[in-house]
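**Student:** following is a predicted model, sequence given first.
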Amino acid sequence: MNQQHEPRRVLKLGLPKGSLQEATFALFEKAGFPIRATERSYIPHVDDDEISARLIRAQEISRYVEHGHLDAGITGYDWIQENGSDVIEVCELCYAKRGFRSVRWVLAVPEDSPIRSVRDLEGRRIATEAVGLTRRYLERHGVHANVEFSWGATEVKAPELVDAIVELTESGSSLRANRLRIVDTVLESTTRMIANRAAWGDPWKRRKIEQIAMLLQGVLRAQGRVLLKLNVPADRLDAVLSRLPALHAPTVSRLSDEQWRSVETVVEERDVRELVPALKAAGAEGIIEIGLNKIVP
């Protein structure tokens, strides 16, 4: 008798092409989903037959997710707001192209500009890639100004072409290099995993999206943290534990020798160089530091 098999289900996932691409690929690989893509390819291969990925500019992903061309995607909160996309925000993934932090859209002007606040923009010209964000920002402050779309190199347009710009920055170094001064923050943004509403209502797709999100968040929780394992005489246990910061309470186990205990705990990697000598002085032995890929609560 012929057996009928259900067709293999696939989640259509949008990944950001451009500045976030490298960091996103690294994040997915640590989460257990290695991705391969050639330089000109827009269809990367994910080491999971249930994921069909597409590389798309982050600016566009929320629109494709909203309209159902993609089931889920990775994009910035700023572009969700810019596009006004009606999507499910599955989780926050706080990473950017240069590190694990948020980014800001800022209002900036030349260093010698008389503009000191958003109120001073009345009747002025502003260049930005985030036209919608900027217009809504001005509306909130009751300011009328001419906002024009910038195709790039926005920093060099002030003061010759425009009076001010609204630009994305992580550290502000590019703005300073172009002799620009930050006046205000328009929006703070982090990377988000989003889902199409119909896909979120599909039990299989939702479960797959939630599994990916859980593993990605686990990778981010592990950043900058390590596992310390050590042995300690039972009579020195309290002294050692008093020196241990921990993500949660340290795990203490009895060893075959009743006079000894084994201790495990997760700590910030930056604290290890001070912590290990202190633990050794308190009586700990056999101290081992282990790198972490994921922390899933």
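**Tutor:** It's in. Numbering: from 1, shown residues only.

**Student:** buried residues of the helix or strand where residue 186 lies, list them for me.
**Tutor:** For residue 186, the host element (DSSP states H and E) is strand 180-189. Neighbour counts over strand 180-189 (16 or more other Cβ atoms under 10 Å) mark 180-181, 183-184, 186-187, 189 as buried. Every C-beta, even on glycine, is put in place using the N, C-alpha and C of the backbone.

**Student:** hey, which helix or strand in this protein has the poorest pLDDT?
**Tutor:** When the helices and strands of the chain are compared on mean pLDDT, DSSP states H and E, helix 173-177 comes out lowest with a mean of 86.

**Student:** who's in contact with it?
**Tutor:** Contacts with helix 173-177, where a contact means Cβ atoms under 8 Å, 6 or more residues apart in numbering, come from 106, 108, 155, 167, 169, 181-182.

**Student:** equivalent analysis for stretch 43-61, please.
**Tutor:** Under Cβ under 8 Å, 6+ apart, the answer for stretch 43-61 is 8-18, 20-21, 28, 33-37, 41-42, 64, 70, 73-76, 79, 82-83, 129, 194, 208, 212.

**Student:** just stretch 225-240 next, same as before
**Tutor:** 244, 247, 252, 255, 258-269, 272, 275-276, 279, 282-292, 295.

**Student:** which of those count as buried?
**Tutor:** 244, 260-261, 263, 265-267, 272, 275-276, 279, 282, 284, 287, 292, 295.

**Student:** of all these, which two lie farthest apart?
**Tutor:** Using Cβ to Cβ, the two most remote members of the buried ones among the contacts of stretch 225-240 are 260 and 295, lying 27.0 Å apart.

**Student:** can you tell me the element residue 78 falls in?
**Tutor:** helix 77-83.

**Student:** packing partners for that helix?
**Tutor:** Secondary-structure packing of helix 77-83 (3 or more Cβ pairs under 8 Å, 6 or more residues apart in numbering; DSSP states H and E): helix 58-66, strand 88-93, helix 131-140, strand 180-189, strand 191-195.

**Student:** which helix of the protein spans the most residues?
**Tutor:** Longest helix in the chain by number of residues (criterion: DSSP state H): helix 203-222.

**Student:** who does the following helix or strand past that one pair up with?
**Tutor:** Later in the chain than helix 203-222, the nearest helix or strand by DSSP H and E is strand 225-233. Within its sheet, strand 225-233 is paired with strand 260-268 (antiparallel), strand 285-291 (antiparallel), according to DSSP bridges.
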